[in-house]
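[1] For reference, the sequence and a predicted model appear below.
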Amino acid sequence: MTIGLTVLGVAIVGLIVAIAIVASSDSGGNPHAATTTTTVAPTTTTTVVGADPQGYAVALFNAWKAGDRVAAGRVASPDAVNQLFATPYQAQPSTGGSVDPWSFEGCQGAAGATICTWKTQGTSAIAMRVRNSTGGLPVLVVEVQRTP
């Protein structure tokens, strides 16, 4: 009895596949012929996020430079986005054009988090706390601290 049901199931699947193939290959002007639609995703100016905490911090920094709060929201909590965007990014003017006054200093591990920092030549610094995937929570920038 189970062999008969198995054969019947295989036959039904084969029939469905055959119908799908015939329907998609109809090019005779049939109004019911299958059509294919292609959509193109919009481009973004932000860097692709790596799976590591540093990738999230760098993506948030780049989104801030671009003034892109939507991209920032993909890698950071709303509080962290608000903390970073509270002060607008400003490039430093120079004779050769605008330059980024911030230099990436690197990331250091901490308990359940990674701290990534940027500094200027002056005394200003930005420190981002990125939650690691420890405890089953997703990687995310959860806090941004600034020094003047």
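    Thanks, I have the structure now. Numbering: from 1, shown residues only.
[2] Let me see the confidence value for residue 110.
    Listed pLDDT for residue 110 reads 84.
[3] One more: the one 4 residues further on?
    The predicted local confidence for residue 114 comes out at a pLDDT of 96.
[4] now do the one 3 residues further on
    Residue 117 is assigned a pLDDT of 98 by the prediction.
[5] so which strand or helix has it?
    strand 113-119 (DSSP states H and E).
[6] Residue 123 too?
    Applying DSSP H and E, one finds residue 123 in no helix or strand.
[7] Distance check, it against residue 93.
    Residue 123 sits 20 Å away from residue 93, going by C-beta to C-beta, to the nearest Å. C-beta here means a position set from N, CA and C on the backbone, and glycine is covered the same way.
[8] Next: residue 137.
    41 Å.
[9] for residue 110, same thing?
    36 Å.
[10] for the closest residue to residue 103 other than its chain neighbours, what are its contacts?
    Residue nearest to residue 103 in three dimensions, not counting chain neighbours: residue 119, with 6.0 Å by C-beta to C-beta, 6 or more residues apart in numbering. Applying C-beta atoms under 8 Å, 6 or more residues apart in numbering, we find residue 119 in contact with 102-103, 105, 125-126.
[11] Next, find the distance separating residue 119 from residue 146.
    Computed as C-beta to C-beta, the residue 119 to residue 146 distance reads 11 Å.
[12] if I look at the two, which residues touch both of them?
    Here residue 119 and residue 146 have 125-126 as joint contacts, going by C-beta under 8 Å, 6+ apart.
[13] Okay, and residue 72 sits in which element?
    Counting by DSSP H and E, residue 72 is part of helix 69-75.
[14] Show me what that helix is packed against.
    helix 53-66, helix 78-85 (3 or more C-beta pairs under 8 Å, 6 or more residues apart in numbering; DSSP states H and E).
[15] Between the ones you listed, which one is closest to residue 142.
    When the helices and strands packed on helix 69-75 are compared by C-beta to C-beta, helix 78-85 sits nearest residue 142, at 5.7 Å.
[16] Residue 128: what secondary structure?
    Three-state call for residue 128 (DSSP: H, G, I helix; E, B strand; the rest coil): strand.
[17] Counting neighbours, what do you get for it?
    28 (other C-beta atoms under 10 Å).
[18] Thought residue 146 was touching it, still the case?
    No - Residue 128 is beyond contact range of residue 146, at 10.2 Å (criterion: C-beta atoms under 8 Å).
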